[in-house]
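Peer 1: Provide a 3D model corresponding to the input given below.
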Amino acid sequence: MEISRSCYILTMAASSLLGSAPLWKTVQQQNARLLVLEASLLDRTRYSTTTNTDARNLEECQCPFKRTSDGKDYETVDSTSLFIFGKGILIGTKNVGNAGEPACTYGKNVLSVDLLGTNCPSGDGAVTFGSRNKVSGTYSVVTGGAYNTAAGIGSAVSGGFSNAVSNLGSSIAGGYKNTASEKNSVVSGGESNTASGNVSSVSGGRFNSASAYASSISGGVGNRATAGDTLTAGAYGSISGGSQNEVKANRGSISGGEMNKVYYGGSNGSISGGRQNEVKSDYGSISGGYKNKVNDEADYGSILGGKEHLIDESVGNFLMIPEEITESRITTLEGNSPFICSESICAGNKRFKFNKKVTMKKAFCPKKTTCE
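Peer 2: Below you'll find the model as predicted:
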């Protein structure tokens, strides 16, 4: 039994040494693994040496930046040199698409400051600041605000919300939901204002519209300087303020009031104020009052004020005098009197139309005769 057990042990030992994994092969594998590790360490040492060399070179001014004196920031080494970027500069987060909108296709030579990754300067030379602003026009800018768009060449939105410029040189300074859609049109501010005439402008207010050439609205609510029924009418028309006033005539003007109108037949016509006054003749004017009218063919006709006065035929230069004269109007009437008065008589060479009864305290000569 002892001999058999000894033979078994020797057999097992021999099998272990000469079996499927001989000892000499195990040593060979270990040597190979050791060589791989040594090579890896050698490469790492070389990389470390190269990195240290590059770092020393950067410190020797081969980089355009250097640490500030406090060691917290970087500053440029050479303040006389430019940084030239072929594609553009993005400060913040890139717009890769959000809220169902596609990713931005950035233009050439763009600048974008974008905290949330929502701006899109897709036009060449475009600039976007703010949030969710889009600039597709070449050389155009949006410098602040949110949800603004600049699509015209050289157009600009300075700030505000939901403003849109869409033509050459058009601009909006700020406000909410304003539109400048024609060449060189301008909206300075306000809400829901529109400048759609060439070189037209709206300075402020709400729901104002300047659609005629070089027309302008300074403020107010719901005012319109429009071309009317023709494309050429309404040029240079202006409204200073008030509400729901409308100018359709060339060089027509309304200073204020409510629901006053200068029609396209009333070139150079004007209304200073009041309510529901109308001028339809060239150079016609109404200073104020309610529902006064200077109709067609009554060129140069003028109404100072009052209620429901009407001039409806061409009678040359004349003045419609209100039926109620107050002390405050006397000075105005004296300064605009159609008469030349002496101590005993007043004479005039104008034609007059009286809509109501006129009482004469002394003689009245309707013709060129001598009065006694």
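Peer 1: OK, contacts around the nearest residue to residue 76 once chain neighbours are set aside?
Peer 2: Nearest residue to residue 76, sequence neighbours excluded (CB to CB, 6 or more residues apart in numbering): residue 64, at 5.7 Å. Glycine gets a C-beta too; all of them are placed from N, C-alpha and C. Residues in contact with residue 64 (CB atoms under 8 Å, 6 or more residues apart in numbering) are 76-78, 81, 83.
Peer 1: let's see that with 10 Å instead.
Peer 2: Each residue near residue 64 by CB atoms under 10 Å, 6 or more residues apart in numbering is listed here: 74-78, 81, 83.
Peer 1: can you lay out these as TSV showing pLDDT, distance to residue 246 and secondary structure?
Peer 2: Supplementary listing: these in TSV, determined by pLDDT from 0 to 100; distance: CB to CB, whole Å; DSSP: H, G, I helix; E, B strand; the rest coil:
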residue	pLDDT	distance to residue 246	secondary structure
74	88	60	strand
75	89	59	strand
76	87	58	strand
77	85	64	coil
78	85	61	coil
81	86	58	coil
83	87	54	coil
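Peer 1: reformat those as a markdown table; add distance to residue 122 and neighbour count.
Peer 2: Shown next, in a markdown table, are those (distance: CB to CB, whole Å; neighbours: other CB atoms under 10 Å):
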| residue | distance to residue 122 | neighbour count |
| --- | --- | --- |
| 74 | 31 | 11 |
| 75 | 32 | 11 |
| 76 | 30 | 12 |
| 77 | 34 | 12 |
| 78 | 33 | 9 |
| 81 | 30 | 9 |
| 83 | 23 | 7 |
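Peer 1: determine which two of the residues you listed are furthest apart.
Peer 2: 74 and 81 (15.0 Å; CB to CB).
Peer 1: so where do the helices sit in the stretch 151-300 of the chain?
Peer 2: Ranges of helices within the stretch 151-300 of the chain: none, based on DSSP state H, counting those that start in this stretch.
Peer 1: for residue 174, grab the count of nearby residues.
Peer 2: 19 (other CB atoms under 10 Å).
Peer 1: isn't it up against residue 146?
Peer 2: No - using CB atoms under 10 Å, residue 174 makes no contact with residue 146, being 11.8 Å away.
Peer 1: so how far is residue 310 from residue 301?
Peer 2: To residue 310, residue 301 is 10 Å away according to CB to CB, to the nearest Å.
Peer 1: and those two? which has more neighbours close in?
Peer 2: Between residue 301 and residue 310, counting by other CB under 10 Å, residue 301 is the more crowded of the two (31 against 17).
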